[in-house]
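Student: Here is my input, please return the structure:
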Amino acid sequence: MELSVIQNKIYEIRGMKVMLDFDLASMYQVETRVLNQSVKRNIERFPDDFMFELTKSEYDSLRSQFVTLKTEGRGKHSKYLPYAFTELGIAMLSSVLKSKTAVQINMGIMRAFVAVRQLLMNPTANEVKLLQREVKELKEYIEEVFAGYNDIDEDNQKSFDEIYLALSELAARQKIISEPKARNPVGYVKPK
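Tutor: The predicted structure is shown next:
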């Protein structure tokens, strides 16, 4: 089986890289029920850091990514929540499922986990350079856009200056018109 096919079946759940029971069963060419029965017969080999059952919300969020429901036929979809196997759990599966197919597939899966880990730890130099170039281009574009917003050409500046002068003159006239005239006091004025 191709490495990329296996890598596409590795999901991140609860902060761990895992594969789901039905994907593993498909690769091992056994029914999911058979795989899970083998695991349950050897449950002491699968602690929580090797295998765990998904919650309904975890399964629903994953399901929208990879499942197209088929409406025909009975028993097409499991009524049980799937199990997620970590890298350690998959390694342990090789001791539970002993067919030649299972051994070969297990080796491929282990290689896929290692490749994913290496890719995450050490991205290739080309990918880093590509990201650096994209960030640089994005930065230059943003600077160019903001420079356009901040620059006011001479014609606009002249128009703003004329408007400011006109408003200042209008305000000065308004102040002259609206200044109150001195009035004689009303009422009794106490002599000094």
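Student: How about the contacts made by the spatially closest residue to I105 that is not a sequence neighbour?
Tutor: Distances taken as CB to CB, 6 or more residues apart in numbering place M27 nearest to I105, at 4.8 Å, with adjacent residues excluded. No exception for glycine: its C-beta is placed from N, CA and C like everyone else's. Residues counted as contacts of M27 (CB atoms under 8 Å, 6 or more residues apart in numbering) are M1, I6, K9, I105, I109.
Student: Give me the secondary structure label for the nearest residue to the second one once chain neighbours are set aside.
Tutor: Same thing as I6. Nearest in space to I6, with sequence neighbours left out and distances taken as CB to CB, 6+ apart, is A112 at 3.9 Å. For A112, the assignment made with DSSP: H, G, I helix; E, B strand; the rest coil gives helix.
Student: mind checking pLDDT for A112?
Tutor: In this prediction, A112 carries a pLDDT score of 80.
Student: Next: V189.
Tutor: Per-residue confidence for V189 comes out at a pLDDT of 72.
Student: Tell me how this protein divides into domains.
Tutor: Taking automatic domain parsing as the reference, the chain has its domains at 3-122, 127-176.
Student: All the helices of this structure, in order from the start?
Tutor: In chain order, the chain shows helices spanning 3-7, 21-28, 32-41, 56-66, 87-96, 100-121, 125-150, 154-178, with DSSP state H as the criterion.
Student: show me what contacts the nearest residue to L20 once chain neighbours are set aside?
Tutor: Counting by CB to CB, 6+ apart, P82 is the residue found nearest to L20 once chain neighbours are left out, at 4.7 Å. With contacts taken as CB under 8 Å, 6+ apart, P82 has the following neighbours: L20, D21, F22, T32, E53, L54, Y59.
Student: Make a markdown table out of those and add neighbour count.
Tutor: Listed next are these as a markdown table, based on neighbours: other CB atoms under 10 Å:
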| residue | neighbour count |
| --- | --- |
| L20 | 21 |
| D21 | 24 |
| F22 | 18 |
| T32 | 19 |
| E53 | 13 |
| L54 | 21 |
| Y59 | 18 |
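Student: Using CSV, please lay out those together with distance to E137 and pLDDT.
Tutor: CSV is the format used below for the contacts of P82 (distance: CB to CB, whole Å; pLDDT from 0 to 100):
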residue, distance to E137, pLDDT
L20, 39, 93
D21, 44, 92
F22, 42, 91
T32, 47, 90
E53, 46, 94
L54, 40, 92
Y59, 40, 88
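Student: and which of those is nearest to R133?
Tutor: L20 (36.8 Å; CB to CB).
Student: Could you list the single helix or strand in this structure with the lowest mean pLDDT?
Tutor: Averaged element by element with mean pLDDT, DSSP states H and E, the chain has its least confident helix or strand at helix 125-150 (a mean of 71).
Student: buried ones in stretch 51-60?
Tutor: By neighbour count, and taking 16 or more other CB atoms under 10 Å as the criterion, the buried residues in stretch 51-60 are M51, F52, L54, E58, Y59.
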